[in-house]
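Asker: heads up, no residue letters with this:
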């Protein structure tokens, strides 16, 4: 008797969890639909009539690089073509053991230059600072390996401008990406951070560091990630940004007010999720300081990046992301239900904690409970129907909503064949893919709880001189 009662309560908990999580994402998707269309129309009008206003502040673009010999030259060529009036590029060679530094010296005619280096943020030892003879806005720091956060800290120390933009070395910025990303800073002095959208470059044609043709990946894992990224950015970040509660800005493309970041001692080198921790820390710091601020998502500021195409690297990446999430929430736990926390402290933070950390165990347990319970006749058919409707039905609706937002706004993939493929992927990914991602998230959470070190898999990069 008590076993039956226990299973009944367990299935109620599982169904309730999926109902809450999917309903929140559904409402975020509706909010994104309401926001995105007028935003894009206003942005296009502004782009046509204004372009440069003369008010755009100069930007320091910081590019941490570790063993990036396959992509670094093409990525920098793309950055050097960026449509923006005044910016500098600082590359940090973080102890690479391949030909990254050699290629940089050869491609950009680097020479040692005696810059005064102010170490406001502590970092690993600096070996040398180089200046390009071809491009006066390009400098390179060669330093001992300290990790991505340490490299970013070194770049901030050398940065001359009031805003800095962190860009991954394997990424390609759309030519007007910086211009779009800086607009919230032009519009309001309250803006302290802005994040752009990350799109999958696998399958695209890149020539001379410039993305010339957007195509869908041929690799199935990369194709699934296209929909996953659309859902994460359009539904998650756009929705939370509307109430100033966005907790994540991708480390691949984010713009920050330098002095505000210095006020919290920069990126945290003791977490594997330095990008998320920085944003959550900014929320906590500014709320404690009772300062009005804005942290926003800009959907038309685009950065293209290569994603994993093999299970080993993808698993390592997702486990590491989850550990970074757990660390970021734990370090900034004071933000949870903070008296002045607003949407971030009372909605976004607790939802992230519930849905992505605590609830991930409920989700994975639910898969096995419903599956084995139905097989052995312990779960009723109505309960199975409710689970499938909530987990799969709403999941498909959420994914299709993200694809719909993409189609009515940017239309990056204009061919009908591409749209049909993405439509099918948006359905298929709910049958196994999202469940696998939750299992990996649970593993990442367990690894964090027991103190197991998170490691990146070795990305099998194909480079960007050809289609990637």
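Answerer: Done, it's in. The structure displayed is predicted, hence computed values, not measured ones.

Asker: these two touch, right, residue 345 and residue 336?
Answerer: Yes. If you go by Cβ atoms under 8 Å, residue 345 and residue 336 touch, sitting 6.5 Å apart. Any C-beta I mention is one placed from the backbone N, CA and C, and that applies to glycine too.

Asker: neighbour-wise, which of those two wins?
Answerer: Applying other Cβ atoms under 10 Å to residue 345 and residue 336 shows that residue 345 carries more neighbours, namely 20 against 16.

Asker: I'd like to know how far that one sits from residue 284.
Answerer: 9 Å (Cβ to Cβ, to the nearest Å).

Asker: what's the answer for residue 368, then?
Answerer: Separation of residue 368 from residue 284 (Cβ to Cβ) stands at 36 Å.

Asker: So for these two, which residue has more residues nearby?
Answerer: Neighbours were tallied for residue 368 and for residue 284 using other Cβ under 10 Å; the higher tally belongs to residue 284 (22 against 10).

Asker: Over to that one. Which of the three states is it?
Answerer: Using DSSP: H, G, I helix; E, B strand; the rest coil, the structure places residue 284 in helix.

Asker: Doesn't residue 195 belong to a strand?
Answerer: Yes. Under three-state DSSP, residue 195 falls within a strand.

Asker: Please report phi then psi for the nearest residue to it once chain neighbours are set aside.
Answerer: Nearest residue to residue 195 in three dimensions, chain neighbours excluded: residue 249, at 3.4 Å (Cβ to Cβ, 6 or more residues apart in numbering). When read as degrees, to the nearest 10, the backbone of residue 249 gives phi -120, psi 120.

Asker: Surely residue 249 is in contact with residue 193?
Answerer: Yes. Counting by Cβ under 8 Å, residue 249 touches residue 193, with 6.0 Å between them.

Asker: For the two, list the residues in contact with both.
Answerer: 279, 295 (Cβ atoms under 8 Å, 6 or more residues apart in numbering).

Asker: and the longest helix for this protein?
Answerer: helix 2-49 (DSSP state H).

Asker: Quick one: mean pLDDT for the helix or strand following that one?
Answerer: Using DSSP states H and E, the helix or strand that follows helix 2-49 in sequence is strand 59-65. For strand 59-65, mean pLDDT is 96.

Asker: same thing with stretch 147-162?
Answerer: So the average pLDDT for stretch 147-162 ends up being 96.

Asker: And the strands in this protein?
Answerer: 59-65, 87-94, 110-112, 126-132, 138-143, 163-167, 171-173, 191-200, 205-207, 210-213, 253-257, 294-305 (DSSP state E).

Asker: Reformat the ones you listed into TSV and put mean neighbour count and distance to residue 264 next to each item.
Answerer: Formatted as TSV, those follow (neighbours: other Cβ atoms under 10 Å; distance: least, Cβ to Cβ, whole Å):
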stretch	mean neighbour count	distance to residue 264
strand 59-65	25	17
strand 87-94	25	20
strand 110-112	15	32
strand 126-132	18	23
strand 138-143	23	22
strand 163-167	27	14
strand 171-173	27	25
strand 191-200	24	10
strand 205-207	18	36
strand 210-213	14	34
strand 253-257	25	11
strand 294-305	23	13
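
Asker: can you redo those as JSON lines with distance to residue 405?
Answerer: Putting the strands of the chain into JSON lines (distance: least, Cβ to Cβ, whole Å) gives the following:
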{"stretch": "strand 59-65", "distance to residue 405": "28"}
{"stretch": "strand 87-94", "distance to residue 405": "30"}
{"stretch": "strand 110-112", "distance to residue 405": "43"}
{"stretch": "strand 126-132", "distance to residue 405": "40"}
{"stretch": "strand 138-143", "distance to residue 405": "36"}
{"stretch": "strand 163-167", "distance to residue 405": "25"}
{"stretch": "strand 171-173", "distance to residue 405": "22"}
{"stretch": "strand 191-200", "distance to residue 405": "11"}
{"stretch": "strand 205-207", "distance to residue 405": "25"}
{"stretch": "strand 210-213", "distance to residue 405": "21"}
{"stretch": "strand 253-257", "distance to residue 405": "19"}
{"stretch": "strand 294-305", "distance to residue 405": "9"}
